[in-house]
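Colleague: my questions concern the predicted model and sequence given below.
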Amino acid sequence: MNDRRPIGVFDSGVGGLSVWREIARRLPHEDTLYFADQIHIPYGLRPPEQLQQFSEAITRFLLERGCKAIVVACNTASAAALKRLRETFPMVPFVGMEPAVKPAAETTQTRVVGVLATPATFQGALFASVVERFANGVRLVNQVCPGLVEQIEAGKLDAPDIDAMLRGFLQPILDANADTIVLACTHYPFVVEAIRRIAGPSVNVIDPSPAIARQTGRVLIEHGLSAPASRAGHHLFYTSGERDAFDRVMRRLVKVDGQINGAVWRGDSAVFEHL
């Protein structure tokens, strides 16, 4: 229980910072290394094979920098690549995103649950497995949210068009009498207050980020990888996009200053640090 190596966290962009934020809160003694693959955003419309290539390359990048565990803080990447990552790196503990259908099904009173996600998440075997296991007797209203990830990436959280977009996405769910909404994309917690306001106080909105942070802590303990509790964690960030833009949005979303490094892709199979 004295492992000072960082936890690796990655997403297509800034969305995974919603998970990173909860990890940093719950595990303040742990170092983290966050990778935002902004050059390839959005992931939601890409084929699974390409997402697997990206995820494997990013994992290698994080492992080369000493990460002791990997959090796939992206529902789309988890749906497409988590199984392959575990097969490819059998000695590495992984924590992935699983749509929170189980807690939604356990708490809904109307037996109708809305799910906000990308097309790739809905089409993946992981989502189908979760539905088969946990959604018996519950109607799911699956809603894609085109353009929302891009708005959040730009830091436009309070723009009038965000509100209009959310109302359009939520209306079919509310019309179906859903009393629970699952956020199945890590970008969406950054507009959770607007979602709650539009949905109303009778609708429970589930953000899975705290549960993922708790699971990360459990995985570290199970594998004997926890850092000393007496220390303060250090956080490092990488983006394959534009560093200044990432810095501006990160400051707005999670209100943290951190060292931000650039990274460049060379082909679809390797990531190299930008010197």
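Modeller: Yep, that arrived.
Colleague: surely Ala263 is in a strand?
Modeller: Yes. If the criterion is DSSP: H, G, I helix; E, B strand; the rest coil, then Ala263 is within a strand.
Colleague: gap between it and Arg21?
Modeller: Relative to Arg21, Ala263 is positioned 21 Å away (Cβ to Cβ, to the nearest Å). Heads up, the C-betas are built off the backbone N, CA and C, glycines and all.
Colleague: can you pull out the strands in the protein?
Modeller: 7-11, 32-36, 69-72, 94-96, 112-117, 139-144, 180-183, 204-206, 235-239, 259-265, 271-273 (DSSP state E).
Colleague: to Leu51, which of those strands lies closest?
Modeller: Among these, strand 69-72 comes nearest to Leu51, with 10.5 Å by Cβ to Cβ.
Colleague: and that closest one, how far from the chain's centre?
Modeller: Centroid separation between strand 69-72 and its chain, computed with Cα atoms, centre = their mean, to the nearest Å, is 11 Å.
Colleague: give the partner strands of it in its sheet and their orientations.
Modeller: strand 7-11 (parallel), strand 94-96 (parallel) (DSSP bridges).
Colleague: and the contacts of the longest one?
Modeller: The reference is to strand 7-11. Surrounding strand 7-11, the residues in contact under the criterion Cβ atoms under 8 Å, 6 or more residues apart in numbering are 16-17, 19-20, 23, 27, 30-37, 55, 58-59, 62-63, 65, 67-74, 77, 186, 216, 220.
Colleague: mind redoing it with 7 Å?
Modeller: The set of residues external to strand 7-11 that reach it, using Cβ atoms under 7 Å, 6 or more residues apart in numbering, is 16, 19-20, 23, 30, 32-37, 58, 62, 67-74, 186, 216.
Colleague: what does stretch 15-32 give?
Modeller: 4, 6-7, 9-10, 34, 71, 73-74, 149, 152, 185-187, 189-190, 209-210, 212-214, 216-217, 227-229, 231-235, 250, 253-254.
Colleague: and if you look at stretch 94-113?
Modeller: Contacts of stretch 94-113 (Cβ under 7 Å, 6+ apart): 70-75, 78, 82, 85-86, 115, 117, 121, 126-127, 130-131, 134-135, 137-141, 176-180, 182, 184, 186, 204, 206, 208, 212, 215-216, 219.
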